[in-house]
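Asks: The sequence and its predicted three-dimensional model are supplied below.
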Amino acid sequence: MHPTVLGGVGKLLGHATSFQLHLTQIISIGAGEPAQTIHRDQWAFDFFSFPRGYEVQCNTIWAITDFTAENGATRVIPGSNRYDDKLRFTESDTEPAEMSKGSVLFYTGSIYHGGGANRSNSTRSGINITYNVSWLRQEENQYLSVPLEIARTLPVELLRLMGYRLGAYALGYVDDLRDPIEVVRPELAKNGFSAVLDTEKAKAQLGTTQSRHSNARTE
């Protein structure tokens, strides 16, 4: 929920109606572990090749310990978001994202990257928090990972980020077009499709669609 992070994610994924929490995990690379295979995180979506330049995911990794080339810092290929999909690379093609603990690395789901080999005697640890556009499925099922009794204690904006909101026009509603936030916070109930119209993008799109239908009837 860090405002700088959410602001950056919103800029990158602003072409979609909304974005959501995709994954939360702690990654630890122990002493002596080999380098991870270089990959794109968006391959999680069934290895679908998204159009070049269309970003569906924004990732952050927060350094719990210092990240160095020796202890397995995340290794990235700068500019690889513009590369073709399903390419193969080795560690020698990458650069280490070295940073002191408390720092955060941003990278998109289309960046080729991987955890580095840990050639030190200590463990490298980082918190990986990622976000994706809300019309795609989350890698981590937030609704089951966070029990309802705990969800009811969380701030509304965090609940919406977890996915208790409409992901786009008519995506993710409950039974009779209810906003999913109502399941957790019934006092926030709205009427039917009013929840769908929460975004200016949805309003504009519906207006365009209605205009086209009107013209079609006239013709």
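Replies: Yep, it's here.

Asks: Identify each of the helices in this structure and give its residue range.
Replies: Applying DSSP state H to the chain gives helices spanning 3-12, 142-145, 148-151, 156-162, 181-184, 200-218.

Asks: Any idea which of these has the lowest pLDDT on average?
Replies: When the helices of the chain are compared on average pLDDT, helix 200-218 comes out lowest at a mean of 49.

Asks: what's the spacing between the residue nearest the centre of the chain and Thr153?
Replies: With distances taken as C-alpha atoms, centre = their mean, the residue of the chain nearest its centroid is Tyr131 (1.6 Å). Applying C-beta to C-beta, to the nearest Å, one obtains 22 Å for the distance of Tyr131 from Thr153. C-beta here means a position set from N, CA and C on the backbone, and glycine is covered the same way.

Asks: what about the chain, any weak spots by pLDDT?
Replies: Filtered on pLDDT under 70, the chain yields the residue ranges 191-219.

Asks: Surely Phe19 touches Leu13?
Replies: Yes: here Phe19 lies in contact with Leu13, judged by C-beta atoms under 8 Å, at a distance of 4.4 Å.

Asks: mind listing the strands for this protein?
Replies: Secondary structure of the chain, counting by DSSP state E: strands at 19-29, 57-63, 74-76, 95-96, 104-108, 113-115, 124-133.

Asks: now those in CSV, with distance to Phe48?
Replies: Below are these laid out as CSV (distance: least, C-beta to C-beta, whole Å):
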stretch, distance to Phe48
strand 19-29, 15
strand 57-63, 12
strand 74-76, 22
strand 95-96, 27
strand 104-108, 15
strand 113-115, 19
strand 124-133, 13
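
Asks: Could you name the stretch from the ones you listed that's closest to Leu144?
Replies: strand 19-29 (13.4 Å; C-beta to C-beta).

Asks: Stretch 140-150: end-to-end distance?
Replies: End-to-end distance of stretch 140-150 (C-alpha to C-alpha, to the nearest Å): 17 Å.

Asks: quick one: buried residues of it?
Replies: Gln142, Val146 (16 or more other C-beta atoms under 10 Å).
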